[in-house]
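Novice: Here is a sequence with its predicted model. Questions after.
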Amino acid sequence: PPAIFVTCESGREKKCQREALELMHHYYYLSRQAQDEENDTTIKQTRNLDTKGDVNATDDDAATNNEEQKQQQQEEKPLSLEEELSLLRKGVMAEEVLTYERNSKRQKGGGNKNKLSSMKSPFSEYESGVRGMICILCNLPGSELIPYDEIVAKIHAARKEKAENEASATNDASEDKVVCEYKEKGDEEGNKTDTEKKHSLVETPLWDPVDTVKRIMEGVTEENNPTNTSKALSSAPSSRFISRMLPMQATCYSSVDEISLVVKSLLQTYLPSIIQKYKPSDAAAGTISFKIDIKRRLCAHLTRDQVIETITPMLLGSDNNTEEDPEKKYGCKFSVNLSDPDFAIRIEVIKTLCGISILPRQEWYKNFNVAELIDAKEDNDKNN
């Protein structure tokens with residue numbers, strides 16, 4: 001699933017985890033509320049078109065809209081300390097109180113049944129076992145940006161087939177040829193299924209870690225502006241212990257096989273849009289630049305060279321023709337640029353967990369350093 005890796009000072013992991021979850025919950029519910037309002041607006045517009053010319057129906061809709069607006073204003077109003085304690089004594093879950101998300105089952109009248117319940121958090125922590133590092137995964141069903149289950153199934157099938165081939169090395173060449181032809185046919189059909197699922201997963205992602213971190217960084221930046229009066233930013237949780245928030249579009253086991261297939265799937269998903277954006281500006285050079293940024297923590301079974309040697313042929317091609325020609329596949333050439341590339345393949349390895357993202361240049365704002373932006377804000381406050 002997608003995730004966000006959060007770094008902090010050693011010994012501050014619990015406080016950092018709490019702050020990160022508060023920020024992620026805030027912007028997740030904020031985006032969900034905006035989506036719900038957009039859907040409600042579309043429904044109302046459709047309803048108004050259907051009831052055009054009917055004065056009574058219009059008056060009823062106006063009255064309903066006013067009641068909904070009043071109810072929404074009451075729900076959005078922050079609770080006082082006495083109200084929060086009163087709700088907790090009545091048995092309301094603490095998460096409902098802290099996020100101001102009231103469960104529809106506890107509201108009189110039933111509420112909106114189409115909205116998700118706030119009783120269960122959409123995020124959970126993965127115990128990394130590394131000091132100064134917090135891994136928060138998305139729990140939403142169907143939130144994967146790549147078909148990870150099929151990737152794992154392919155790896156297991158390949159390993160099983162390799163073991164069977166080693167055990168049955170005495171088979172004649174004709175039988176081996178039939179097996180190879182059958183396997184190639186199955187791989188082609190499997191690739192078609194992967195492509196179809198990939199498009200369905202990426203068109204409407206339930207949660208985008210890159211967008212979430214971008215919103216958090218923009219929120220901290222806008223808070224430095226004294227003229228800003230945004231309600232969303234005024235209610236956003238603060239951060240004292242978070243150093244960086246690294247968005248990971250996919251996570252997997254830290255093995256060469258899984259990293260290779262996950263990177264290939266992410267490239268097929270996100271690289272076309274990057275090419276479309278940067279190809280005209282680099283028409284003279286004729287290439288799109290990239291770099292592979294790898295960070296390893298307590299991982300001795302995987303080396304940087306192994307990862308680099310596995311990924312670079314996907315973009316630069318290989319001498320033994322094991323990979324499809326990248327220029328023919330994507331319609332452009334690629335080059336390595338470690339100082340200022342057009343996009344980066346970011347890989348964070350924490351013991352046996354690996355996070356991977358394909359990030360264009362504009363997504364690296366301040367290298368995801370939240371602490372640096374907060375320090376800048378404090379300096380501005382002191383100067384003012």
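Specialist: Cool, got the structure.
Novice: Report the rounded mean pLDDT for the top helix by length along the chain.
Specialist: Longest helix of the chain, by residue count under DSSP state H: helix 13-50. Averaged across helix 13-50, pLDDT comes to 81.
Novice: Next one: the residue lying closest to residue 217 once chain neighbours are set aside from residue 273, what distance?
Specialist: Spatially, and ignoring its direct neighbours in sequence, residue 217 is nearest to residue 365 (5.3 Å; CB to CB, 6 or more residues apart in numbering). To be clear about C-beta, it is placed using only N, CA and C from the backbone, and glycine gets the same treatment. For residue 365, the distance to residue 273 (CB to CB, to the nearest Å) stands at 18 Å.
Novice: on that earlier part again, what comes up buried for the longest helix of the chain?
Specialist: Of all the residues in helix 13-50, those buried under the rule 16 or more other CB atoms under 10 Å are 13, 16-17, 19-29, 32.
Novice: Can you pull the phi and psi angles for the residue nearest to residue 217?
Specialist: Note on residue 365: backbone dihedrals following degrees, to the nearest 10 are phi -50, psi 120.
Novice: and if you look at residue 160?
Specialist: Torsion angles, degrees, to the nearest 10, at residue 160: phi -60, psi -40.
Novice: For it, the count of nearby residues, please.
Specialist: As a burial measure, residue 160 scores 10 neighbours (other CB atoms under 10 Å).
Novice: now swap in residue 122 and tell me
Specialist: There are 19 residues near residue 122, going by other CB under 10 Å.
Novice: go on, residue 343?
Specialist: Neighbours of residue 343 (other CB under 10 Å): 24.
Novice: you'd agree it is up against residue 272?
Specialist: No - judged on CB atoms under 8 Å, residue 343 makes no contact with residue 272 at a distance of 11.8 Å.
Novice: Which neighbours do these two have in common?
Specialist: By CB atoms under 8 Å, 6 or more residues apart in numbering, residue 343 and residue 272 have no common neighbours.
Novice: sec struct for residue 245, please.
Specialist: When classified by DSSP: H, G, I helix; E, B strand; the rest coil, residue 245 comes out as strand.
Novice: Identify the bridge partners of the closest residue to residue 369 other than its chain neighbours.
Specialist: Once flanking residues are discounted, residue 369 sits nearest to residue 244: 5.4 Å by CB to CB, 6+ apart. On the basis of DSSP bridges, residue 244 is bridged to residue 7, residue 369.
Novice: and residue 244, what does it touch?
Specialist: Contacts of residue 244 (CB under 8 Å, 6+ apart): 6-7, 367-371.
Novice: cool, residue 267 as well?
Specialist: 314-315, 358.
Novice: Could you list the low-pLDDT ranges of the stretch 201-350 of the chain?
Specialist: Along the stretch 201-350 of the chain, the model assigns pLDDT under 70 to residues 201-204, 223-235, 280-285, 319-323.
Novice: let's go with 50 and repeat that
Specialist: By pLDDT under 50, the weakly predicted segments of the stretch 201-350 of the chain are 201-202, 229, 282-283.
Novice: where exactly do the helices run in it?
Specialist: 209-223, 231-234, 256-278, 304-316, 326-330 (DSSP state H, counting those that start in this stretch).
Novice: Could you export the third one as PDB, CA atoms only?
Specialist: I take that to be helix 256-278. The C-alpha coordinates for helix 256-278 follow below in PDB (Å, rounded to 0.1, in the frame of the first residue of the first chain):
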ATOM      1  CA  VAL A 256      15.700  -7.100  -5.800                       C
ATOM      2  CA  ASP A 257      12.900  -9.000  -7.500                       C
ATOM      3  CA  GLU A 258      10.100  -7.100  -5.800                       C
ATOM      4  CA  ILE A 259      11.800  -3.700  -6.200                       C
ATOM      5  CA  SER A 260      12.400  -4.300  -9.900                       C
ATOM      6  CA  LEU A 261       8.700  -5.200 -10.600                       C
ATOM      7  CA  VAL A 262       7.400  -2.400  -8.400                       C
ATOM      8  CA  VAL A 263       9.600   0.200 -10.100                       C
ATOM      9  CA  LYS A 264       8.600  -1.100 -13.500                       C
ATOM     10  CA  SER A 265       4.900  -0.800 -12.700                       C
ATOM     11  CA  LEU A 266       5.400   2.800 -11.300                       C
ATOM     12  CA  LEU A 267       7.300   3.800 -14.400                       C
ATOM     13  CA  GLN A 268       4.500   2.600 -16.600                       C
ATOM     14  CA  THR A 269       2.000   4.500 -14.600                       C
ATOM     15  CA  TYR A 270       3.700   7.900 -14.000                       C
ATOM     16  CA  LEU A 271       6.400   8.200 -16.600                       C
ATOM     17  CA  PRO A 272       4.100   9.100 -19.600                       C
ATOM     18  CA  SER A 273       2.900  12.300 -17.800                       C
ATOM     19  CA  ILE A 274       6.400  13.200 -16.900                       C
ATOM     20  CA  ILE A 275       7.500  12.800 -20.500                       C
ATOM     21  CA  GLN A 276       4.600  14.900 -21.700                       C
ATOM     22  CA  LYS A 277       5.600  17.700 -19.400                       C
ATOM     23  CA  TYR A 278       9.400  17.800 -19.900                       C
END
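Novice: That helix vs helix 209-223, what angle?
Specialist: Orientation check (axes from the mean of the first three to the mean of the last three CA atoms, to 10 degrees): helix 256-278 against helix 209-223 gives 60 degrees.
Novice: Now do helix 256-278 against helix 304-316, angle only.
Specialist: Going by the same axes, to 10 degrees, helix 256-278 makes 40 degrees with helix 304-316.
Novice: Among the contacts of residue 244, which one lies nearest to residue 133?
Specialist: Using CB to CB, residue 7 comes nearest to residue 133 of the contacts of residue 244, at 5.9 Å.
Novice: and residue 217, how far is that from residue 236?
Specialist: For residue 217 relative to residue 236 (CB to CB), the value is 12 Å.
Novice: now residue 143
Specialist: 23 Å.
Novice: In terms of neighbours, single out the busier of those two.
Specialist: Neighbours per residue, other CB under 10 Å: of residue 143 and residue 236, the larger number sits with residue 236, 20 against 17.
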